[in-house]
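**Q** below: sequence and its predicted model.
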Amino acid sequence: MAMTEIVGHGEVIWGLHSGLVSGQWPHAYLFSGPPGVGKATVAHHYAQSLLCEHTLRGEEGLSGCQRCPSCHKVDTRCHADLIWVEMVEKKTRISVDQIRDLTRFLSLTPMESKWKVAIVDDAAEMNAAAANALLKTLEEPPAESILILITSRPGMLLATIRSRCVKYHFRSLSRDEFGRILQSRTELPEGRLDPLWEYAEGNVGYGLQFITSNQLEVCDQLVQDLEALMRQFSLAKLCQTADFWSKEDHFLLVRWIIGQWIAKRVRRSVLSGEGAEVVRRWLVLESLAKDFFARAEAYNINKRLLLEGIFIKLSQTAGANP
Ligand SMILES: [Zn+2]
């Protein structure tokens with residue numbers, strides 16, 4: 001990764017960089033902000049600049065030199081003075097054992113660099129025991145240690161943890177910032193920035209996923225199908241559409257796009273002054289759809305039937321099926 005990949009977040013980068021230049025930084029940070037906005041990318045670059053063999057004073061901006069062995073080791077996540085704690089696959093929370101490993105790691109003297117850096121992503125996933133273990137380390141931070149907590153839900157952290165961290169909030173990216181990041185990482189399909197920005201809700205991670213999995217056309221198709229159902233009700237068409245979109249490989253995407261489509265429809269009816277009754281109908285539909293999908297997940301409900309139910313409600317709410 002190169003420095004140019006950090007787009008947006010000017011204030012955050014300025015703050016971190018000033019610390020590097022002055023040689024003064026806190027023991028603990030809290031990076032918060034929406035998912036996929038670039039918190040982990042900035043943490044990665046910051047760790048690199050702290051551990052780099054050449055640039056200890058931020059001469060090259062908020063990144064290492066990108067040439068020394070240390071910078072490469074951070075890229076491949078095998079630097080002896082850096083630890084990333086994340087949720088282990090198939091586990092539901094970050095465990096106390098993972099945090100104990102982290103605190104043990106931080107208490108040792110640095111091996112390759114002058115500091116030890118620990119990153120927890122997502123910190124809100126820590127279970128209670130893990131959070132308490134982390135709090136102890138925050139209360140008495142080991143020398144030469146830097147801890148970076150990353151989360152999109154800072155409210156889920158213990159207040160005592162939050163209060164011991166210097167906080168950096170990452171705001172959502174603008175459409176242009178979103179476009180620039182995507183372009184620096186992948187080939188952006190011609191003329192597709194706007195729908196992509198919309199489908200991914202400004203989330204770079206999702207945007208990349210939409211491109212690499214070729215799902216943009218699939219999303220377009222689904223939106224077209226939804227709009228066709230809203231325009232003119234036909235039971236045959238409804239069943240056919242539900243059948244097509246209930247296939248396993250489409251289903252997560254369908255849930256995402258339908259939720260987004262209804263939310264957009266709610267906004268439109270509020271903004272265009274369609275009246276309280278119309279707004280209320282769309283809001284009812286919004287919570288109903290959420291409920292349907294949550295049940296489908298919990299009870300393994302037949303997906304085709306579930307979509308038929310949602311489509312019928314959708315067309316009724318839109319007035320296409322009185
Ligand atoms: Zn370097």
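**A** All right, it came through fine. Numbering: from 1, shown residues only.

**Q** can we go C-alpha only for contacts and neighbour counts from here?
**A** Will do.

**Q** so what are the domain limits for this protein?
**A** With domains defined by automatic domain parsing, the chain comprises 3-172, 215-317.

**Q** to the ion, which of those domains lies closest?
**A** Set against the ion and scored by C-alpha to the ion, the domains of the chain come closest in domain 3-172, at 3.8 Å.

**Q** am I right that I146 sits in a strand?
**A** Yes. Counting by DSSP: H, G, I helix; E, B strand; the rest coil, I146 is found in a strand.

**Q** and it, how close does it get to C71?
**A** Going from I146 to C71 by C-alpha to C-alpha, to the nearest Å gives 17 Å.

**Q** and if you look at L196?
**A** L196 sits at a distance of 32 Å from C71 (criterion: C-alpha to C-alpha).

**Q** repeat for L157
**A** Counting by C-alpha to C-alpha, the gap from L157 to C71 is 31 Å.

**Q** so between these two, which is more surrounded?
**A** Using other C-alpha atoms under 10 Å, the more surrounded residue of L157 and C71 is C71, with 25 against 16.

**Q** just to be sure, the more buried one is in a strand?
**A** No. Counting by three-state DSSP, C71 is not found in a strand; it is helix.

**Q** what pLDDT does it get?
**A** Note for C71: predicted pLDDT of 92.

**Q** repeat for the one 4 residues further on
**A** In this model, D75 is scored at 92, pLDDT.

**Q** hang on, the earlier thing: most tightly surrounded among the domains of the chain?
**A** Most buried of the domains of the chain, by mean neighbour count (mean count of other C-alpha atoms under 10 Å): domain 3-172, with a mean of 18.

**Q** any weak-confidence spans in the stretch 101-250 of the chain?
**A** Within the stretch 101-250 of the chain, no stretch falls below the threshold (pLDDT under 70).

**Q** do a quick rundown of the strands in the stretch 151-300 of the chain.
**A** Ranges of strands within the stretch 151-300 of the chain are 166-169, based on DSSP state E, counting those that start in this stretch.

**Q** now the helices for it?
**A** 159-162, 175-185, 193-199, 204-212, 216-231, 235-245, 248-271, 276-299 (DSSP state H, counting those that start in this stretch).

**Q** which residues sit against the shortest one?
**A** Looking back up the chat, that one is helix 159-162. If you take C-alpha atoms under 8 Å, 6 or more residues apart in numbering as the criterion, helix 159-162 is touched by L30, L135, L138, P154.

**Q** mind doing that once more with 7 Å?
**A** With contact meaning C-alpha atoms under 7 Å, 6 or more residues apart in numbering, helix 159-162 is reached by L135.

**Q** render the CA-only coordinates of that helix in PDB, please.
**A** In PDB, the C-alpha atoms belonging to helix 159-162 read as follows (Å, rounded to 0.1, in the frame of the first residue of the first chain):
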ATOM      1  CA  ALA A 159     -16.700   4.500  29.000                       C
ATOM      2  CA  THR A 160     -13.600   3.800  31.000                       C
ATOM      3  CA  ILE A 161     -11.800   2.500  27.900                       C
ATOM      4  CA  ARG A 162     -13.000   5.400  25.700                       C
END
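
**Q** which other residues reach stretch 206-221?
**A** L182, L196, A200.

**Q** neighbours around the first one, how many?
**A** It refers to L182. Neighbour tally, L182, other C-alpha under 10 Å: 19.
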